[in-house]
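Visitor: Need coordinates for the following:
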Amino acid sequence: MTDPGSRLLDSFSLAPRPITPDDIPQLHELSVAVGWMHRAEDWAVALRLGEGIFLADEIGRPFGSAMWFPVSDDLAMLGMVITTPRLQERGAGRWMMEQIMARTGGRDLALNATRAAFRLYLALGFQPGLTVWQHQGIVTAVPGAAPRVRAMRPDDRDAIHALDTRAYTTHRRAALDLFLEQSEGSVIEEGGQITGYALCRRFGRGHVVGPIVAATPRDAAALTVPHLAAHQGRYLRIDTRETQGPFVDLLNASGLTARDTVTTMTLGRPRPVDPQAHVFALAIQAIG
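Guide: Down below sits the predicted model:
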C-alpha cells in the first residue's frame, strides 16, 4: 500500500520531504535539467530565506521541488517550483503546491509564474498581475554617472529598510538584510533622505541588479548606471515589470535585452501602492 504521505505517479511512489542543505547538489541538478541558471550557492541563499519540499522516488532520485518564503507575518512568496517533464501532466505540480500552501499559515501569497505553470496557479485561485521581463546579457555600453547617485554606506541600512517597506507594503527584514550583506549598493539621497536604492550581487551566470526601488523611472535608471559600469563586458541580469521609459531604454541600450517573461500572481488581499516608492526591479523571481 502507498504511504499516505506519498503519491503513486507513473508506476512509482514519490514522497515529499523537507529540503535540507544536504539536498542542494540534487536540487542544483534538477534546476539545471530544466534550464535554470541558479548555482548551488543560489539554492543555499533560498534555503536561508525559506523552506520547502523535495520530491524524490524510493531510491532518492530528484523529481520536483517547491518552496515558500515567509516574507513577513502577513505575506509569503512561493517559488523554486520544479517538476520534471515526465511528471508535469500527472498532477505532481498541483500536489506539491497544495502541500506548500498548507504550510503558509493563512498569509497573503504571491509568486512569479512561468508560462508552463500559469494554468496550474490559475486553477489554485491565484490572480494574474503584471508581466516580469527578464533583461540579461553582456553589458556593452554605459552612459555617464548621474550626480545625485552615490555608493551605499553602512549607515544607510535603516533608511533602505524603511523605503523597501513602503515599496513592498511589508517589512521583509530577513530577505533584505541578506541581500544587503551580499551586495554592492547605490542610493539617491535628497535633502538628507534616501529616496531610491539599487543592490547588485552575484547570481547565476554573473550578477543581478535588484531590488531597485525609486520614485521615478529616471531615478531607477540613474541608480542602475554604477552597476552597469562596474560590470561592463560581463553578464548582468535585471528582472523588471517596466515595459517602456528611460529605465527600460537604458537596459536595452546597454545590451540587456528582454529574453524571457514570467507573470506575477497573487492570492489574498489587494495591497496598497506607494507612488513615491516603486519597485523597478526584483531581487530574484522567487523572493520578489
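Visitor: contacting residues for the closest residue in space to Arg48 that isn't next to it in sequence?
Guide: Nearest non-adjacent residue to Arg48, counting by CB to CB, 6 or more residues apart in numbering: Leu178, 6.2 Å away. In this view, the C-beta of every residue, glycine as well, is placed from N, C-alpha and C. If you count contacts by CB atoms under 8 Å, 6 or more residues apart in numbering, Leu178 has them with 45, 48-49.
Visitor: Go through these and say which is closest to Arg234.
Guide: Val45 (20.2 Å; CB to CB).
Visitor: does the closest one sit in a helix, a strand or a coil?
Guide: Here Val45 is helix, with the state taken from DSSP: H, G, I helix; E, B strand; the rest coil.
Visitor: how about the nearest residue to it, chain neighbours excluded?
Guide: Computed as CB to CB, 6+ apart, the closest residue to Val45 that is not its neighbour in sequence is Leu178, at 6.9 Å.
Visitor: moving C-terminal of the helix or strand harbouring the one you found, what's the next helix or strand?
Guide: Of the helices and strands defined by DSSP states H and E, Leu178 is found in helix 173-182. Once helix 173-182 ends, the next helix or strand along the chain (criterion: DSSP H and E) is strand 184-190.
Visitor: Just the CA coordinates for whichever helix or strand comes after that next one, please, in CSV.
Guide: Next along the chain after strand 184-190, taking DSSP H and E as the criterion, comes strand 193-203. Extracted C-alpha coordinates of strand 193-203, given in CSV (Å, rounded to 0.1, in the frame of the first residue of the first chain):
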residue,chain,number,x,y,z
GLN,A,193,16.6,61.4,2.8
ILE,A,194,17.2,58.2,0.9
THR,A,195,14.6,58.2,-2.0
GLY,A,196,16.0,55.3,-4.0
TYR,A,197,18.3,52.4,-3.8
ALA,A,198,19.7,49.6,-6.0
LEU,A,199,21.6,46.4,-5.0
CYS,A,200,23.9,44.2,-7.1
ARG,A,201,25.1,40.8,-6.1
ARG,A,202,26.4,37.5,-7.6
PHE,A,203,23.8,35.3,-9.1
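Visitor: now strand 193-203 and strand 184-190, what's the angle there?
Guide: On the basis of axes from the mean of the first three to the mean of the last three CA atoms, to 10 degrees, strand 193-203 is oriented at 170 degrees to strand 184-190.
Visitor: Now do strand 193-203 and helix 173-182, the angle between them.
Guide: Using the same axes, to 10 degrees: strand 193-203 against helix 173-182 is 70 degrees.
Visitor: Can you tell me which helices and strands strand 193-203 packs against?
Guide: Here strand 193-203 is seen to pack against helix 157-168, helix 173-182, strand 184-190, strand 206-214, helix 217-230 when contacts are counted using 3 or more CB pairs under 8 Å, 6 or more residues apart in numbering; DSSP states H and E.
Visitor: Strand partners (parallel or antiparallel) of the shortest one?
Guide: According to DSSP bridges, strand 184-190 forms sheet pairs with strand 149-151 (antiparallel), strand 193-203 (antiparallel).
Visitor: who's in contact with that strand?
Guide: For strand 184-190, contacts defined as CB under 8 Å, 6+ apart pick out 148-152, 156, 160, 194-201, 214, 219, 222-224, 226-227, 230.
Visitor: Can you turn the buried part of those residues into a ChimeraX selection?
Guide: Selection of buried members from the contacts of strand 184-190 for ChimeraX, criterion 16 or more other CB atoms under 10 Å:
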select :149,152,156,160,194,195,196,197,198,199,200,201,214,219,222,223,224,226,227,230
